[in-house]
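S.K.: Turn this into a model:
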Amino acid sequence: MNLLLSARTPIVNALGLVTKMVGFYPIETSLTSIREDIMKGKPFHQCLAEYNVYPKRAISLVKVAEEVKKLDVIFGKLAKQYSDEAEHETEMMSKIIEPLLLPFL
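M.R.: Model (predicted):
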């Protein structure tokens with residue numbers, strides 16, 4: 001979403017492209033109906049709030065971003081945050097598993 005919105009792609013088109021890229025069924029189906037609701041005039045954050053798949057914090061950030069017209073910036077920050085969290089968890093798992101594997105080697 002960050003790249004698409006930064007390139008000034010309309011949000012409806014961006015959601016359509018993201019729906020095709022995502023491989024997680026609950027998000028795919030929710031994005032399809034969110035896209036339809038946005039075309040009917042509902043705000044993006046209200047559409048996201050209807051689904052439990054999206055974290056409340058992210059929905060709040062999207063609401064603020066909509067108000068200040070900076071959705072691309074917020075999606076960039078969310079992407080970085082989730083990437084950092086995944087990297088941290090991977091490091092922690094490797095630190096836990098490494099001592100368990102050493103006796104077997």
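S.K.: who touches residue 37 in this structure?
M.R.: Shown in contact with residue 37 (C-beta atoms under 8 Å, 6 or more residues apart in numbering): 46, 47. C-betas here are computed from N, CA, C, even on glycine.
S.K.: redo that, cut-off 7 Å
M.R.: For residue 37, the contact set (C-beta atoms under 7 Å, 6 or more residues apart in numbering) comprises residue 47.
S.K.: okay, it: pLDDT?
M.R.: Residue 37 is assigned 94 on the pLDDT scale.
S.K.: Which residue, neighbours along the chain excluded, lies closest to residue 4?
M.R.: residue 14 (3.9 Å; C-beta to C-beta, 6 or more residues apart in numbering).
S.K.: go on, residue 19?
M.R.: residue 31 (4.3 Å).
S.K.: And the helices in this protein?
M.R.: Ranges of helices in the chain, per DSSP state H, are 2-6, 11-21, 25-39, 44-49, 56-68, 71-101.
S.K.: Could you identify which of these is most buried?
M.R.: Mean neighbour counts were compared across these using mean count of other C-beta atoms under 10 Å; the top stretch is helix 44-49, at a mean of 18.
S.K.: ok, residues contacting it?
M.R.: In contact with helix 44-49 (C-beta under 7 Å, 6+ apart) are residues 11, 34, 37, 38, 54, 59, 62, 63, 66.
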